[in-house]
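Visitor: any chance you can model this:
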Amino acid sequence: MTEKEVIDFLITYNKWRRGSDIMPQPHPTLIGKTIDWVIDYLRAEETGVIKSPSGQVWMDRNVGAKEVGDHGDYFTHYEAMYIEIPGFRLPTEEEWQREIDTGGLQFLNLALAGCRNLYTGSLEFVEEIGFYWSSSEFRKNGRSLEFGPDDPWEFSSDDAWVCSSDRAERFSVRLIKD
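Guide: Numbering: from 1, shown residues only. Got it, this is the predicted structure:
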């Protein structure tokens, strides 16, 4: 959705809500998508950016995090692919690899957020491993960044890697500037 489409929809929805009979009730899915877009838009307004040594510009925190360094929300690969925050997008596996190769991960304040268990919903590997989705895919899997440094201030290429993960896993998301 564009900003204009959201505004037009909200005007139309508000007319219907106030009793206008010139239009049918908006579909609940469209109402939900519009609300999600507005939430993401407002999140982008309150989020800063950080530039890594690779020259890439990233959000300064995970999606859903109130502060830098917080875990934020956890998403399946499918959900991560559809996060819409104006001016930002899910990074590719090549962009994560560039951060690994240039030592940029240590500048991004990535939380060792672990993941949310597929079956129980409980958090696992928190403060041990960081899992972050990319927009890339490999066969039936999504590609993700994984890292588990002994010392979070001394990343090396041995501490981080890009690999394939089950798309149903729930990982953190950090977005990159368009």
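Visitor: domain-wise, how is this protein divided?
Guide: Annotated domains of the chain cover 1-46, 49-177 [automatic domain parsing].
Visitor: of the ones you listed, which stretch is the most buried?
Guide: Of all the domains of the chain, domain 49-177 carries the top mean neighbour count, a mean of 18, counting by mean count of other CB atoms under 10 Å. Backbone N, C-alpha and C define where each C-beta goes, glycine included.
Visitor: pLDDT below threshold where in this structure?
Guide: Counting by pLDDT under 70, the ranges of the chain that qualify are 1, 20-24, 40-47, 149-158.
Visitor: centre-most residue in it?
Guide: Val173 (3.2 Å; CA atoms, centre = their mean).
Visitor: check the gap between that residue and Leu110 for me.
Guide: Distance of Val173 to Leu110, given as CB to CB, to the nearest Å: 11 Å.
Visitor: what is in contact with these two at once?
Guide: By CB atoms under 8 Å, 6 or more residues apart in numbering, Val173 and Leu110 have these common neighbours: 62, 132.
Visitor: tell me where this protein has helices.
Guide: 3-17, 28-46, 77-81, 93-102 (DSSP state H).
Visitor: residues contacting the residue nearest to the centre of the chain?
Guide: Val173 makes contacts with 62-64, 72-73, 75, 80, 83, 90, 132-133, as judged by CB under 8 Å, 6+ apart.
Visitor: what sits closest to it if chain neighbours are left out?
Guide: Val63 (4.4 Å; CB to CB, 6 or more residues apart in numbering).
Visitor: now that neighbour: how far from Thr102?
Guide: Distance, Val63 to Thr102, by CB to CB: 23 Å.
Visitor: then Gly55?
Guide: Taking CB to CB as the measure, Gly55 falls 9 Å from Thr102.
Visitor: Phe171 now?
Guide: Shown here: Phe171 relative to Thr102, a distance of 22 Å by CB to CB.
Visitor: and if you look at Cys163?
Guide: Going from Cys163 to Thr102 by CB to CB gives 19 Å.
Visitor: dump the lengthiest strand in the chain to PDB, restricted to CA.
Guide: Counting by DSSP state E, the longest strand found in the chain is strand 130-138. In PDB, the C-alpha atoms belonging to strand 130-138 read as follows (Å, rounded to 0.1, in the frame of the first residue of the first chain):
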ATOM      1  CA  GLY A 130      21.100 -14.700  17.100                       C
ATOM      2  CA  PHE A 131      18.800 -15.800  14.200                       C
ATOM      3  CA  TYR A 132      17.800 -13.100  11.600                       C
ATOM      4  CA  TRP A 133      15.800 -13.700   8.500                       C
ATOM      5  CA  SER A 134      16.900 -12.600   5.000                       C
ATOM      6  CA  SER A 135      14.600 -12.300   2.000                       C
ATOM      7  CA  SER A 136      16.500 -15.000   0.200                       C
ATOM      8  CA  GLU A 137      15.200 -18.500  -0.300                       C
ATOM      9  CA  PHE A 138      16.800 -21.900  -1.000                       C
END
